[in-house]
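Novice: Return atomic coordinates for the entry below.
(one chain, ligands or ions: 2)
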Amino acid sequence: MSKRISLIGVPLDTNSSYMRGAASGASVAVEALSCDSANLWTETGYDMSVVFDDKGLLELSETPEAMALIEQAAVEAGTSDATPIFVGGDHSITYPLVKGMHQAVGEFTVLHFDAHPDCYDEFEGNRYSHASPFSRIMEDGVCSRLVSVGIRTASGHQREQRERFGIEWLEMKDFASWPTLSFDTPVYITFDMDALDPAHAPGVAHHEPGGLSTRQALDIIHAIDAPIIGADVVELNPDRDINGVTGMVAAKIIREIAGMIQKNAR
Ligand code: MN
Ligand code: MN
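Specialist: Ligands and ions are numbered 1, 2, ... in the order given. Here you go, the predicted structure:
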């Protein structure tokens, strides 16, 4: 019996700092999943066509109440029989998602893919900026461990925040000596598309060269050795995409995470 997976669109980009557009990534990534150019089998041998349940987009207004609505949606999704994969939206959505999932399921590690540490105390006066979700998450103590993979833009302030919160970074400059990750708690994955090199994923607001290939990211996902209680894929910006390639990459990341949810289900 396969585990059901809810696809929940979170079309919010009001906390983006450089440019908006990620809100429309939610529907584009889910549409790419059903593109006739590919099937829904994972590389690991699971048929996702029988487990995906497209829940559509959350209805969100561009007001501070959006964060509370996202948190509530995560509580509901986390207590349902299905495992949620949330599709953003910008990275600000991950704070209310992790907060809600913590209420629903208890302790877990957050495995964070990103070019950026996203742990500014605030950014341009916004404590809920897409550059700040991990400061809020660590202050609230809603994850037991945070591992950020793909980092290559850390400022001095963010290095101080890493020390303050005890965040683990796998930085791109050290790629050749990265350890194999192992987890003694369940895992929540948050995947910022700009973790990937812009050559692989140009449809993002912040082009940061020197990133992961799609293959390298998939290999890390396939090596996860713990149950996956949920995930989000964020920062797909279709306005910046070329021939829809980043939409297809986002769909592939969603599909392979979904396969690992099946594989590692308890
Ligand atoms: Mn991010
Ligand atoms: Mn980023």
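Novice: which residues in the stretch 101-250 of the chain form helices?
Specialist: Shown for the stretch 101-250 of the chain, the helices assigned by DSSP state H, counting those that start in this stretch span residues 133-140, 156-165, 214-222, 245-263.
Novice: Report the buried residues of the first one.
Specialist: Residues 133, 134, 135, 136, 137, 138 are the ones in helix 133-140 that count as buried (16 or more other CB atoms under 10 Å). Any C-beta I mention is one placed from the backbone N, CA and C, and that applies to glycine too.
Novice: now the angle between helix 156-165 and that helix, please.
Specialist: 30 degrees (axes from the mean of the first three to the mean of the last three CA atoms, to 10 degrees).
Novice: got the CA positions of helix 133-140 in CSV?
Specialist: C-alpha atoms of helix 133-140 as CSV (Å, rounded to 0.1, in the frame of the first residue of the first chain):
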residue,chain,number,x,y,z
PRO,A,133,12.9,31.9,7.8
PHE,A,134,15.6,29.9,9.5
SER,A,135,16.2,32.6,12.2
ARG,A,136,12.5,32.4,13.1
ILE,A,137,12.6,28.6,13.0
MET,A,138,15.6,28.3,15.3
GLU,A,139,14.3,31.0,17.7
ASP,A,140,11.1,29.0,18.1
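Novice: Which secondary structure elements does that helix sit against?
Specialist: helix 94-105, strand 109-113, strand 145-151, helix 156-165 (3 or more CB pairs under 8 Å, 6 or more residues apart in numbering; DSSP states H and E).
Novice: how about JSON lines for those, with mean pLDDT and distance to residue 175 added?
Specialist: Shown next, in JSON lines, are the helices and strands packed on helix 133-140 (pLDDT from 0 to 100; distance: least, CB to CB, whole Å):
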{"stretch": "helix 94-105", "mean pLDDT": "98", "distance to residue 175": "24"}
{"stretch": "strand 109-113", "mean pLDDT": "98", "distance to residue 175": "13"}
{"stretch": "strand 145-151", "mean pLDDT": "98", "distance to residue 175": "9"}
{"stretch": "helix 156-165", "mean pLDDT": "98", "distance to residue 175": "18"}
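Novice: out of the buried residues of helix 133-140, which touch ligand 1?
Specialist: When CB under 5 Å from the ion is taken as the criterion, no member of those contacts ligand 1.
Novice: Using JSON lines, lay out the residues you listed together with distance to residue 100.
Specialist: What follows is the buried residues of helix 133-140, written out as JSON lines (distance: CB to CB, whole Å):
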{"residue": "133", "distance to residue 100": "13"}
{"residue": "134", "distance to residue 100": "16"}
{"residue": "135", "distance to residue 100": "18"}
{"residue": "136", "distance to residue 100": "13"}
{"residue": "137", "distance to residue 100": "12"}
{"residue": "138", "distance to residue 100": "16"}
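Novice: ok, for residue 81, nearest residue in space, not its chain neighbours?
Specialist: Counting by CB to CB, 6 or more residues apart in numbering, residue 81 lies nearest to residue 4, which is 6.3 Å off, once chain neighbours are set aside.
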